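>>> here's my sequence, what's the structure:
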Amino acid sequence: MQSENRLFDDFVKVLNGAAGTFAGMTREAEAGFRERVREWVGGLDMVSRDEFEAVKAIAVAAREENEALKARIEALEGRSAPAARAKRAAPRKPAEGNGGRGD
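Okay, here's the model as predicted:
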């Protein structure tokens with residue numbers, strides 16, 4: 001009976017050693033994979049979330065400013081439109097000395 005227990009104990013020790021080795025290999029493979037992914041993502045020149053939000057806020061502000069300037073231009077053109085129409089509607093005088101010909 002004593003010998004059977006000893007054989008069983010040795011077998012359990014071998015399995016525990018193998019399980020520990022397998023767990024260590026798994027941790028090492030996972031660390032290597034994470035490092036490779038970090039290198040790959042780092043090479044993609046990706047921006048952080050904070051940088052993205054800052055640029056997004058700048059773009060929104062620029063769009064709002066653009067719309068405000070567009071409205072201002074339209075308002076200014078609206079004021080000058082009657083004067084421009086009056087200039088176009090005024091009859092032109094023929095040039096003196098050439099009898100109305102474009103010589």
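>>> and the residue nearest the centre of the chain, how far is that from E65?
In the chain, the centroid-proximal residue (Cα atoms, centre = their mean) is F52; its distance is 6.2 Å. Distance, F52 to E65, using Cβ to Cβ, to the nearest Å: 20 Å. Just so you know, the C-beta spots here come from the backbone N, C-alpha and C atoms, and that holds for glycine as well.
>>> repeat for A54
17 Å.
>>> which of the helices or strands spans F8?
Here F8 sits within helix 2-43, counting by DSSP states H and E.
>>> just give me how far whichever helix or strand comes after that helix sits from the chain centre.
Per DSSP H and E, the first helix or strand lying C-terminal to helix 2-43 is helix 49-89. Averaged C-alpha coordinates place helix 49-89 at 25 Å from its chain's average position (Cα atoms, centre = their mean, to the nearest Å).
>>> let me know the average pLDDT across helix 49-89.
Averaged across helix 49-89, pLDDT comes to 88.
>>> what does stretch 31-43 give?
87.
>>> and M46, backbone torsions?
phi -80, psi 150 (degrees, to the nearest 10).
>>> and it, what pLDDT?
Reading off the confidence values, M46 has pLDDT 77.
>>> any figure for the gap between it and F52?
Applying Cβ to Cβ to M46 and F52 gives a distance of 9 Å.
>>> next: R36.
24 Å.
>>> distance from stretch 5-22 to the middle of the chain?
For stretch 5-22, the distance to the chain centre is 54 Å (Cα atoms, centre = their mean).
>>> distance of E28 from R34?
11 Å.
>>> what does R27 give?
11 Å.
>>> same check, this time on A62
38 Å.
>>> how's the chain carved up into domains?
1-46, 47-89 (automatic domain parsing).
>>> off-centre distance for the shortest one?
This means domain 47-89. 23 Å.
>>> any idea how far the helix holding F8 is from the chain center?
41 Å.
>>> can you check stretch 36-50 too?
On Cα atoms, centre = their mean, the centre of stretch 36-50 falls 13 Å from that of its chain.
>>> if anything else comes up later, I'll come back, but that's it for now.
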